[in-house]
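>>> Give me the fold of what follows.
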Amino acid sequence: MSLRYLALGDSYTIGEGVAPDGRWPEQLARRLRDAGVPLQTPRILATTGWTTDELSAAMDASRLEPPYDLVSLLIGVNNQYRGRTADDYRAEFRRLLARATGLSGGRPGRVLVLSIPDWGVTPFARQENRDSTRIGAELDAYNALARDETCRHGAHWVDITPISRQCPALLATDGLHPSAEQYARWAEAAQNAAREALQSS
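The predicted structure is shown next:
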């Protein structure tokens, strides 16, 4: 029996600037299938620019068909980009995490959360004359809150932020979003946690 995977997020999940097969959820699913896990091609609900509340509204409007065997969540960069507070992010992220758990059939162990990458290291940030140190610090605060909520909830946390900082040249042509090669590194980092999630009850 094949397993169903729902990926929730924003531009990083829809893979802005890369081909569909280069998106990290697609690459993760292929890695798991190559390892013998019968995981279907992911259903992706994500759009470039979405904030936490916009993702939630899209979930309301979409015809989702739970339960899913694996649900991933990567959201928040646009909250930070728009200057929203970390406390507001925490409250909205907590609600999304609960919704993701509901979509997994009430199994928090089937939820996989990825940290927000650091766009402050990209050429786009320099072109916009953004303060890279401030961006990094704000995203660290966001990620600390998301990690705390994820661990309290019993979901799986994957920290891909260091990869984004170590690989600032692995970008799509827009100079902002990751390339398929960087997404491959995210998928590699997430593979073991995803396998554990799929084995949880």
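
>>> For this protein, just list every one of the helices.
11-14, 24-34, 52-61, 77-81, 86-103, 123-127, 132-153, 161-166, 180-199 (DSSP state H).

>>> Cross-check the contact I'm expecting between Thr133 and Val121.
No. Using C-beta atoms under 8 Å, Thr133 is not in contact with Val121; the gap is 10.5 Å. Any C-beta I mention is one placed from the backbone N, CA and C, and that applies to glycine too.

>>> Which stretch among the helices of the chain is buried most, on average?
helix 11-14 (a mean of 24; mean count of other C-beta atoms under 10 Å).

>>> ok, residues contacting the helix or strand bottoming out on mean pLDDT in the chain?
Least confident helix or strand, the chain: helix 123-127 with a mean of 95, by mean pLDDT, DSSP states H and E. With C-beta atoms under 8 Å, 6 or more residues apart in numbering as the contact definition, helix 123-127 has outside contacts at 119, 132, 135, 171, 174-176.

>>> again, but for stretch 133-149
76-77, 79-80, 86, 89-90, 93-94, 97, 113, 115-121, 125, 157, 159, 161, 165.

>>> From the centroid of the protein, which residue is nearest?
Leu74 (2.2 Å; C-alpha atoms, centre = their mean).

>>> ok, what's across the strand from it?
Beta-bridge partners for Leu74, by DSSP bridges, are Gly9.

>>> Pretty sure Gly9 is one of the things it touches, is it not?
Yes. Assessed by C-beta under 8 Å, Leu74 is found in contact with Gly9 at 4.3 Å.

>>> residue contacts, the nearest residue to Leu55 once chain neighbours are set aside?
Computed as C-beta to C-beta, 6 or more residues apart in numbering, the closest residue to Leu55 that is not its neighbour in sequence is Ile75, at 5.5 Å. Contacts for Ile75 (C-beta under 8 Å, 6+ apart) come out as 8-10, 50-52, 55, 93, 96, 116.

>>> In TSV, list those along with pLDDT and distance to Ser2.
Below are these laid out as TSV (pLDDT from 0 to 100; distance: C-beta to C-beta, whole Å):
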residue	pLDDT	distance to Ser2
Leu8	99	20
Gly9	98	22
Asp10	98	27
Trp50	98	28
Thr51	98	32
Thr52	98	30
Leu55	98	26
Phe93	98	30
Leu96	98	26
Ile116	98	30
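
>>> Looking at those residues, which is nearest Arg43?
When these are ranked by distance to Arg43 (C-beta to C-beta), Leu8 comes first, at 9.6 Å.

>>> Return the distance of that closest one relative to Ala100.
Per C-beta to C-beta, to the nearest Å, Leu8 is found 6 Å from Ala100.

>>> Would you mind listing the residues touching both of these two?
71, 73.

>>> follow-up on the earlier one: how close does the residue nearest to the centre of the chain get to Asp118?
Taken as C-beta to C-beta, the span from Leu74 to Asp118 is 13 Å.

>>> try Ala86
Distance from Ala86 to Asp118, by C-beta to C-beta: 15 Å.
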